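S.K.: All I have is the shape, not the residue letters:
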């Protein structure tokens, strides 16, 4: 099985445990490990795959907690840097189980390209870019671009998730964010977006028109997550909505990342990732839908993600 490398932020999610209370009214918060790319790593490993996290945490108690969490999940941390302060996110869950964020950004944006041991990334491996903080100001953005170019030049399988957060991408930065996303979509083998994200990036209200634009930019495999309705899958062979399973949702935090990790874990088992049949992709997406759904049945992100044995419902 090939390895999955995920670059980006690793942070502390402080989850508001007060039911139907926003951040203003909330009193009881629980500390959880979070960060979209790190969550993807965790999903890969919890499902039996192999992943490396590339990023930076603070040299503080929170950073040590995060590194311990990754190691406990069997994620390789050899290329993680400990310096500065750890990024913190405060998360509130509304009555529908949906989330909103407030960020206190730390040193994740300082991660530099020279901290990546490129000798560990081989042909057949996968590099995943999650851009929740990756396109914000800081050295991390330069590192993203350099690693993208390395993957292009060495024919490494590229996965991309915009991870759009309206609390991070202000109105005056939206156009820049969209262009940055397009720059990654152009070279991506697999792109995962929410139905909101595809409308923002393509400016198309119709999902199928949006998907056509993504393919014209360069995306090869596109997956649009639709919540309880499943996932809209599109490749050069066609498109189809792959259904999910019914669950009682508690917290959607990390569900999209768990989905991506499940997709990449399955792809890592394939010898030829450039010619995956549509039928095989439908199998992979249904598997990932199940993983994403089960993640919604508990609080937190990494802690809530299922293991392979949990999928035998």
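M.R.: Looks like it arrived, so ask away. Nothing here was measured: the structure is a model prediction, and the numbers come from that model.
S.K.: Confidence-wise, which helix or strand of this protein is lowest on average?
M.R.: Using mean pLDDT, DSSP states H and E, strand 99-104 stands out as the lowest-scoring helix or strand of the chain, at a mean of 76.
S.K.: That one: what's the following helix or strand?
M.R.: Going down the chain from strand 99-104, the next helix or strand is strand 126-130, by DSSP states H and E.
S.K.: all strands for the stretch 101-250 of the chain, in order.
M.R.: Remark: strands assigned in the stretch 101-250 of the chain by DSSP state E, counting those that start in this stretch are 126-130, 157-161, 190-194, 221-225, 231-235, 238-242.
S.K.: out of the ones you listed, nearest to residue 25?
M.R.: Closest of the strands of the stretch 101-250 of the chain to residue 25 is strand 190-194, at 27.0 Å (criterion: CB to CB). (Each C-beta comes from the backbone N, C-alpha and C, glycine too.)
S.K.: Name the residue most distant from the centre of this structure?
M.R.: Centroid-distance maximum for the chain: residue 25 at 29.1 Å, with CA atoms, centre = their mean.
S.K.: pLDDT score assigned to residue 297?
M.R.: At residue 297, the model reports a pLDDT of 89.
S.K.: Run a quick neighbour tally on it.
M.R.: By other CB atoms under 10 Å, 16 other residues sit near residue 297.
S.K.: for it, what are its contacts?
M.R.: Taking CB atoms under 8 Å, 6 or more residues apart in numbering as the criterion, residue 297 is in contact with 247-250, 304.
S.K.: any chance of these in JSON lines, plus distance to residue 171 and pLDDT?
M.R.: Listed next are the contacts of residue 297 as JSON lines, based on distance: CB to CB, whole Å; pLDDT from 0 to 100:
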{"residue": "247", "distance to residue 171": "35", "pLDDT": "87"}
{"residue": "248", "distance to residue 171": "36", "pLDDT": "87"}
{"residue": "249", "distance to residue 171": "30", "pLDDT": "85"}
{"residue": "250", "distance to residue 171": "32", "pLDDT": "84"}
{"residue": "304", "distance to residue 171": "32", "pLDDT": "86"}
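S.K.: ok, so of these, who is nearest residue 128?
M.R.: Closest to residue 128 out of the contacts of residue 297 is residue 304 (19.6 Å), distances taken as CB to CB.
S.K.: Does that closest one touch residue 251 like I think?
M.R.: Yes - contact criterion CB atoms under 8 Å: residue 304 and residue 251 qualify, at 6.9 Å.
S.K.: Which neighbours do the two have in common?
M.R.: Between them, residue 304 and residue 251 share these contacting residues under CB under 8 Å, 6+ apart: 296, 298.
S.K.: Residue 278 and residue 224, how far apart?
M.R.: Applying CB to CB, to the nearest Å, the value for residue 278 to residue 224 is 16 Å.
S.K.: who has more neighbours, those two?
M.R.: residue 224 (25 against 15).
S.K.: quick one, what contacts that one?
M.R.: Neighbouring residues of residue 224 by CB under 8 Å, 6+ apart: 192-195, 198, 207, 210-211, 231-232, 234.
S.K.: what sits opposite it in the beta ladder?
M.R.: Here residue 224 sits in beta bridges with residue 193, residue 232, going by DSSP bridges.
S.K.: can you give me the helices in this structure?
M.R.: 36-46, 61-72, 139-153, 174-185, 195-202, 207-217, 255-267, 278-295 (DSSP state H).
S.K.: what mean pLDDT would you report for the fourth one?
M.R.: Put plainly, it is helix 174-185. Taken as a whole, helix 174-185 has a mean pLDDT of 97.
S.K.: returning to what we had before: now, of the helices of the chain, which is deepest in the fold?
M.R.: helix 36-46 (a mean of 30; mean count of other CB atoms under 10 Å).
S.K.: What is the burial count for residue 1?
M.R.: 12.
S.K.: Likewise for residue 107?
M.R.: 24.
S.K.: Check residue 277 too.
M.R.: Around residue 277 there are 10 other residues, counting by other CB under 10 Å.
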